[in-house]
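model this:
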Amino acid sequence: MHYGNLQKIRDGKRTYAITPDIPGGFVSAETLEKIAKVSKKYNGVLKITSGQRILITNLKEEYLPHIWDELGMEPAVLKANSVKNVEICPAGFCKRSKYNTIGIGMKLTKKYSKQDMPCRTKIGVAGCRNSCGSVYAKDVGVIADVTGLMVVAGGSAGFNPRIADIIAKDLDETQTLKLIDSIFDYYKENAELGEKLGFMIERLGIEKFKEDVIKKVK
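Reported below is the predicted structural model:
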C-alpha cells in the first residue's frame, strides 16, 4: 500500500497526495530540504496543512512507491479511524507559555499516534490559555495555565462543530497524562463505531463522563 489519497480528476487524469509524518510539527532543515528536492523531482505541489504537516499533491500514482522510498519517511495517517495527529504549540519557545507542554505533546504523540479509535481523533496541546492550535476544537486537549494544566475533551471543527468540555483543571503533568489515558480507555470501551468523542459525551452526559473518567485516576 502506497498511502496516497486520490485528488480531483481533471480531464480523466488522476493525481494523488501524500502526507509524511512530522511529529509535533517540528522538522529539521535537512528533512525540509529532502521534501523540497523530492517534490521538485516529481512535480509535486506543497501545502502546509492545519495539522502541522506538509502535504505533497499533484503526484502520479505510479511514482508513489519511489517517492516514499526517496523521502525515507512514514505516512502521517494509516487508517481513517485513528489518532490522526497531535498538534503542539511552540510552548517552551514562546514568551506567553505558562508551562513547557512540548514534552507532554511528544509523549502523547509517541503513545497515541496512529492508534486505532472508534472514529478519527485529534489531540491538541498548548502552553497557555491562548490555546494556539485550536485545542478547544480537538477531541482531547491539554492547556496550561498559571495554576496548572487543564484537560478538555469532545471538541470538533469538522462537519458538526463542537467546543470541547473542560474535564479537569489545575493538574500536574502526571495527573494530566493519567487522565488522558482514562479518557481514551473509556472512549474505546463505550463509543459506537464511527462515533466522535464529543457525540459520545453528549449521548452519555457530560457529568457522567467526567465522573467516570476522573474516578479511574484517583
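
tell me the helix or strand right after the helix or strand containing E189.
Here E189, judged by DSSP states H and E, is contained in helix 173-190. Sequence order places helix 197-204 as the next helix or strand after helix 173-190, per DSSP H and E.

in three-state terms, how would D212 be classified?
State at D212, reduced to three classes by DSSP: H, G, I helix; E, B strand; the rest coil: helix.

now it, nearest residue through space, not along the chain?
Using Cβ to Cβ, 6 or more residues apart in numbering and skipping residues adjacent in sequence, the residue nearest D212 is Y186, 6.1 Å away. Placement of C-beta: from N, CA and C, glycine included.

now do the contacts for the one you found.
For Y186, the contact set (Cβ atoms under 8 Å, 6 or more residues apart in numbering) comprises 209, 212-213, 216.

can you lay out these as TSV showing neighbour count and pLDDT?
Rendered in TSV, the data for these read as follows (neighbours: other Cβ atoms under 10 Å; pLDDT from 0 to 100):
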residue	neighbour count	pLDDT
F209	23	98
D212	15	97
V213	23	98
K216	13	86
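
quick one: which of those is nearest S97?
S97 lies nearest to V213 out of those, by Cβ to Cβ, at 26.6 Å.

would you check that the closest one makes contact with K178?
No: judged on Cβ atoms under 8 Å, V213 makes no contact with K178 at a distance of 10.1 Å.

so for stretch 198-218, what gets flagged as buried?
198-201, 209-210, 213-214, 217 (16 or more other Cβ atoms under 10 Å).

er, stretch 97-114 actually
For stretch 97-114, a neighbour-count test (16+ other Cβ under 10 Å) marks 97-99, 101-102, 104-109, 112-114 as buried.
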